[in-house]
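In: Need coordinates for the following:
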Amino acid sequence: MAVNQPGLQTVSRALAVLRCFQGDIELGVTDIARAENLPMSTTHRLLQALLESEFVEQDERTGRYRLGVALAEYGRLSYRRHLIYLAEPHIEQLAAETGTAVSLATRHGTDALNLVFTRWREAHGHNLSEVRFPLHASALGKALLAWSPVTREELDALPYHQGTDRTPADAESLGAELELAHAAGYAINDEQTEWGYRIIAVPVLDTNGHARFALGVRGTTELMIPERIPFLADLARVTATAISNTLFRDATRT
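Out: The predicted model follows:
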């Protein structure tokens, strides 16, 4: 059967439109058309199709668009299909023991994508944009890279223009940080993405010894003083091992 190239292009454009909403923002047709370099008529047609399927919804007062409820259904199905919910008791316990905010992330392209959170409201308020972080500019991303078979080409391709003057600026400096993380047993983000906060992250290893997920511990600089970080990292590693056993090793015995 021949591939329908125009149809494939339409699907690709629709997915690109959806990606415009990754920052949990409301957008108008003009915003999306400009961001994706699409004609206004095409953008409007794509939005109408997404609106009908409830992948986006429209504010009746402003006419602007936001993510729709249908994505919540697919997100929950994926969440359960990959057994992520089994990690929740472990990260809740770690958060209670340490007084920190704990999250579990996986790699998605050049970003670390947070999947599970604790103490969300205290830690982030209602800011839902703190879900995706560049791999090179986050402790979670560094943990995912340091314990994975990553090539130099992959490191070169990361978006080093994103971040601050404290984040690695190229593959060489990132590689040095990854070596330090692997030697220490944890990666650290020392106020590299948000002033006043430190984050450490450890790998959650699959049966091949690769980081399928990363477990992050976030707290203020007053809470996560340098002298306390090794202790917190030890607790995080214990939790990461428990999550690994739950998600991977237990699964292989069923």
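In: where does the stretch 1-150 of the chain dip in pLDDT?
Out: 1-7, 23-24, 119-130 (pLDDT under 70).
In: Helices along that one, start to end?
Out: 5-19, 29-36, 40-52, 70-81, 88-98, 120-124, 139-146 (DSSP state H, counting those that start in this stretch).
In: Okay, buried residues for the fourth one please.
Out: Of the residues in helix 70-81, those buried under the neighbour-count criterion (16 or more other CB atoms under 10 Å) are L71. Heads up, the C-betas are built off the backbone N, CA and C, glycines and all.
In: Now do it: distance to the chain's middle.
Out: 16 Å (CA atoms, centre = their mean, to the nearest Å).
In: Next: the longest one.
Out: When distances are taken as CA atoms, centre = their mean, helix 5-19 is centred 23 Å away from the chain's centroid.
In: Restrict it to CA atoms and write it as CSV.
Out: Extracted in CSV, the C-alpha atoms of helix 5-19 (Å, rounded to 0.1, in the frame of the first residue of the first chain):
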residue,chain,number,x,y,z
GLN,A,5,2.5,11.6,1.9
PRO,A,6,0.0,14.5,2.3
GLY,A,7,-1.7,12.6,5.1
LEU,A,8,1.6,12.0,6.8
GLN,A,9,2.5,15.6,6.6
THR,A,10,-0.9,16.5,8.2
VAL,A,11,-0.2,14.2,11.1
SER,A,12,3.3,15.6,11.5
ARG,A,13,1.9,19.1,11.6
ALA,A,14,-0.8,18.2,14.1
LEU,A,15,1.8,16.7,16.4
ALA,A,16,3.9,19.8,16.0
VAL,A,17,1.0,22.0,17.0
LEU,A,18,0.4,19.8,20.1
ARG,A,19,4.1,20.3,21.1
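In: Which secondary structure elements does it sit against?
Out: Packing contacts for helix 5-19, counted by 3 or more CB pairs under 8 Å, 6 or more residues apart in numbering; DSSP states H and E, involve helix 29-36, helix 40-52.
In: Now tabulate these in JSON lines and tack on distance to A14 and mean neighbour count.
Out: Formatted as JSON lines, the helices and strands packed on helix 5-19 follow (distance: least, CB to CB, whole Å; neighbours: other CB atoms under 10 Å):
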{"stretch": "helix 29-36", "distance to A14": "10", "mean neighbour count": "16"}
{"stretch": "helix 40-52", "distance to A14": "5", "mean neighbour count": "16"}
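In: would CSV of the helices of the stretch 1-150 of the chain with distance to G209 be doable?
Out: Conversion of these to CSV gives the following (distance: least, CB to CB, whole Å):
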stretch, distance to G209
helix 5-19, 32
helix 29-36, 40
helix 40-52, 41
helix 70-81, 24
helix 88-98, 20
helix 120-124, 31
helix 139-146, 12
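In: Mind checking the ones you listed for the one nearest to D234?
Out: Evaluated over these, closeness to D234 peaks at helix 88-98, with 10.9 Å, by CB to CB.
In: sorry, back to before: out of the helices and strands packed on helix 5-19, which is closest to Q58?
Out: Of all the helices and strands packed on helix 5-19, helix 40-52 comes closest under CB to CB, at 6.1 Å.
In: Mind jotting down where the strands sit in the stretch 101-250 of the chain?
Out: Applying DSSP state E, counting those that start in this stretch to the stretch 101-250 of the chain gives strands spanning 101-108, 111-117, 132-134, 187-190, 197-205, 211-220.
In: Need those in CSV (columns: mean neighbour count and distance to L46).
Out: Output for these, formatted as CSV (neighbours: other CB atoms under 10 Å; distance: least, CB to CB, whole Å):
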stretch, mean neighbour count, distance to L46
strand 101-108, 22, 22
strand 111-117, 21, 24
strand 132-134, 19, 22
strand 187-190, 22, 36
strand 197-205, 26, 37
strand 211-220, 26, 33
